[in-house]
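Q: Provide a 3D model corresponding to the input given below.
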Amino acid sequence: MSLPLVFQAGVRDDIDEAYDWYEKQRRGLGEDFLAAIQVVLDRIESTPEIHAPIYKAARQGRLKRFPYAVYYRIEPDRIAVIAVHHSKRNPRIWQSRA
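A: All right, here's what the predicted structure looks like:
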């Protein structure tokens, strides 16, 4: 049985902000970004321990094609997605949510 994915506060804002930016760059690119996130979320949901902890208990699943990662924690009853974060931004932003 797989654990449900639960987005913590701020994750949807992370995704919406990046989506909007990519759509402004080129129509449809935001949709490609969302698809890349979904691939990572599906992988995390099916095999949550595929990524090693990198900060406290937080793990990182990187997107292909886009310089973003999904940060998450495995909890007893769920997988808590704590951030979707650009790799060039200050990591303290997502670490503050861990």
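
Q: residue boundaries of the strands in the chain?
A: Listed in chain order, the strands of the chain (DSSP state E) span 5-7, 53-55, 58-62, 68-75, 78-86.

Q: Flag the shaky bits of the protein, pLDDT-wise.
A: 1 (pLDDT under 70).

Q: mind listing what the most centrally placed residue in it touches?
A: Closest residue to the average C-alpha location of the chain: residue 70 at 2.0 Å, with C-alpha atoms, centre = their mean. Applying C-beta atoms under 8 Å, 6 or more residues apart in numbering, we find residue 70 in contact with 37, 40, 41, 44, 60, 61, 63, 81, 83, 84. The way it works is simple: take the backbone N, C-alpha and C, and place the C-beta from them, glycine included.

Q: pretty sure the third one contacts residue 5?
A: Yes: contact status for residue 41 versus residue 5: in contact at 6.1 Å, counting by C-beta atoms under 8 Å.

Q: Spit out the residues that contact these two alike.
A: Residues touching both residue 41 and residue 5 by C-beta under 8 Å, 6+ apart: residue 81.

Q: Okay, residue 55 and residue 39: tell me how far apart.
A: Look at residue 55 and residue 39: by C-beta to C-beta, to the nearest Å, they are 23 Å apart.

Q: neighbour-wise, which of the two wins?
A: Shown here are residue 55 and residue 39; by other C-beta atoms under 10 Å, residue 39 has more neighbours (15 against 12).
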